[in-house]
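Chemist: let me see the structure of the following:
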Amino acid sequence: DRKCRETEIAQINQQLTEQNRLLQQLNATLERLAANDSLTGLSNRRTLMELGAKEAKRTERFGHPMSLLVADIDLFKSVNDMYGHLAGDRVICAVAQVCAARKRSGVDIVARFGGEELVIVLPETDGVSALRVAESLRHDVAALSVPVNEQGASASVTVSIGVATMHKGSGIGFEELVNRADK
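Modeler: Numbers count the residues shown, from 1 in each chain. You can find the predicted model right below:
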């Protein structure tokens, strides 16, 4: 009777361990889904604003500049009108991949801000360096040829990029930095 009970308890513990493991996996998936844009896989706007605010505080604390790029796909509505929304999604994803490829791992933040706008946060980057990144990014996007349908048509797009930089003591927060780059 005692041995049977010990076996039963071991089985229950094993089931609980497995259920806890599954629950941890599901929670990790939910956290990823809540933090990332479903189309591009980049950080979403909410995550951008949270992480950006932390970076702005680091800028104030340590005195390193922080720059921000807002990339807007030019004439995006015409891509949707000419080829359809799925093609537009492909274009957004292609531009997002170009932006993500420029990311310094563990340093920069790349996010979909909304619609066809993407944001790149460049901690410890001054305005001159940010302009170089923006120009290089603009060039890389212009070189894209994005397949937009099964018939082999492709679209080329360009981006307009706003750049803004904050320094220690600038008196602006992250949201204002985004607004300045967006303008």
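Chemist: contacts, neighbours, all on C-alpha from now
Modeler: OK.
Chemist: tell me which residues of the helix or strand of the chain with the lowest mean pLDDT come out buried.
Modeler: Every helix and strand of the chain was ranked by mean pLDDT, DSSP states H and E. The lowest is helix 2-35, at a mean of 80. Neighbour counts using 16 or more other Cα atoms under 10 Å place Ala35 of helix 2-35 among the buried residues.
Chemist: can you pull out the strands in the protein?
Modeler: Secondary structure of the chain (DSSP state E): strands at 66-73, 109-114, 117-123, 146-147, 154-155, 159-166.
Chemist: point to the residue nearest the middle of the chain.
Modeler: Computing the C-alpha centroid of the chain and ranking residues by Cα atoms, centre = their mean puts Ala111 first, at 2.3 Å.
Chemist: so who does the closest residue to it other than its chain neighbours touch?
Modeler: Of all residues not flanking Ala111 in the chain, Ser43 sits nearest, at 4.4 Å (Cα to Cα, 6 or more residues apart in numbering). Shown in contact with Ser43 (Cα atoms under 8 Å, 6 or more residues apart in numbering): 35-37, 109-112.
Chemist: from those residues, which has minimum pLDDT?
Modeler: In terms of pLDDT, the lowest of the contacts of Ser43 is Ala35, showing 75.
Chemist: could you tell me how many residues sit around the nearest residue to Leu144 once chain neighbours are set aside?
Modeler: The shortest distance from Leu144 to any non-neighbouring residue, by Cα to Cα, 6+ apart, is to Ser156 (5.9 Å). Using other Cα atoms under 10 Å, Ser156 has 14 neighbouring residues.
Chemist: quick one: residues contacting Ser156.
Modeler: Per Cα under 8 Å, 6+ apart, neighbours of Ser156: 142-146.
Chemist: from the residues you listed, which is closest to Gln19?
Modeler: Gln19 lies nearest to Val146 out of the contacts of Ser156, by Cα to Cα, at 43.5 Å.
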